[in-house]
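*Asks:* need a 3D model of the following:
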Amino acid sequence: SIVNNDVLFISQWRCKPTKGTAFSIPADDTLVYWDEFYQSEIITLKFLDRWCVENNKHLKICGCTRNEDGLEIEFYSNCLLESKWVYIPKKSDYSSYKLIDAAEIVVSIDSTLGYEAIVRSKRTAIFSCRDRGTSKFRFPFGWPKDLPNNGPFWTNDQDETQFQKIMDYLNTVSDNDWEKTRKYYLTDIMEFDP
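*Replies:* I've put the predicted structure just below:
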């Protein structure tokens with residue numbers, strides 16, 4: 001595929017459980033509800049919505065489900081109000097890789113597919129910003145490697161200033177400099193294995 005001016009957001013959306021049911025229970029036995037788990041997606045998407053308009057980018061959502069319509073696309077419709085965006089459902093086990101390879105910039109919260117995009121040499125932003133106010137979500141970028149909270153292509157904070165800095169960097173960095181940065185930080189985190 002030809003690389004374009006698309007920003008690809010990797011969806012980690014899952015169906016909302018029945019009312020009052022915890023969405024997940026981490027190792028420390030706290031209860032995590034759907035609305036709080038996906039708060040980071042909402043904050044990130046609202047930022048990307050504006051950033052894509054300001055930078056003349058098309059936003060694509062790399063869907064989790066195989067549905068052309070339904071609750072996943074409805075979730076994105078409620079977050080994305082300004083930009084030109086398109087939802088692309090999962091078509092096969094490898095369709096997400098094709099989307100990553102064709103995108104100019106990939107954005108992920110904390111998806112393994114986001115890490116895979118980096119090792120595939122794609123300019124990738126990791127906004128690993130699930131609520132840091134509690135011990136519920138303790139998976140900063142690169143965990144268990146001890147990296148700073150903010151780096152050239154990642155942040156562990158819900159901070160739009162950091163989001164802006166990262167997206168502007170990925171939008172302007174040379175291929176050569178990106179390759180050096182990517183390799184420097186990914187040592188000991190993930191290796192490429194076709």
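*Asks:* right, and the helix or strand after the lowest-mean-pLDDT helix or strand in the chain?
*Replies:* When the helices and strands of the chain are scored by mean pLDDT, DSSP states H and E, helix 34-37 comes last with a mean of 86. Proceeding N to C from helix 34-37, the next assigned helix or strand is helix 39-54, under DSSP states H and E.
*Asks:* packing partners for that next one?
*Replies:* strand 6-10, strand 58-62, helix 71-79, helix 160-172 (3 or more C-beta pairs under 8 Å, 6 or more residues apart in numbering; DSSP states H and E). No exception for glycine: its C-beta is placed from N, CA and C like everyone else's.
*Asks:* buried deepest among those, which one?
*Replies:* Among the helices and strands packed on helix 39-54, ranked by average contacts under mean count of other C-beta atoms under 10 Å, first place goes to strand 6-10 (a mean of 25).
*Asks:* and the angle from it to helix 71-79?
*Replies:* 120 degrees (axes from the mean of the first three to the mean of the last three C-alpha atoms, to 10 degrees).
*Asks:* for strand 6-10, what is the distance to the chain centroid?
*Replies:* 8 Å (C-alpha atoms, centre = their mean, to the nearest Å).
*Asks:* partners of that strand in the sheet?
*Replies:* strand 58-62 (parallel), strand 105-108 (parallel) (DSSP bridges).
*Asks:* wait, which of those strands is closest to N176?
*Replies:* Nearest to N176 among the strands paired with strand 6-10 is strand 105-108; the distance by C-beta to C-beta comes to 16.9 Å.
*Asks:* helices or strands up against whatever helix or strand comes next after the closest one?
*Replies:* Helices and strands here follow DSSP H and E; after strand 105-108, the next one along the chain is helix 112-119. Judged by 3+ C-beta pairs under 8 Å, 6+ apart, helix 112-119 is in contact with strand 6-10, helix 95-102, strand 105-108, strand 123-127, helix 175-186.
*Asks:* turn the helices and strands packed on helix 39-54 into CSV, columns for mean pLDDT and distance to I42.
*Replies:* Shown next, in CSV, are the helices and strands packed on helix 39-54 (pLDDT from 0 to 100; distance: least, C-beta to C-beta, whole Å):
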stretch, mean pLDDT, distance to I42
strand 6-10, 96, 12
strand 58-62, 96, 13
helix 71-79, 94, 6
helix 160-172, 97, 13
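*Asks:* what residues of the least confident helix or strand of the chain count as buried?
*Replies:* 34, 36-37 (16 or more other C-beta atoms under 10 Å).
*Asks:* for it, packing partners?
*Replies:* Against helix 34-37 (3+ C-beta pairs under 8 Å, 6+ apart) you get no helix or strand.
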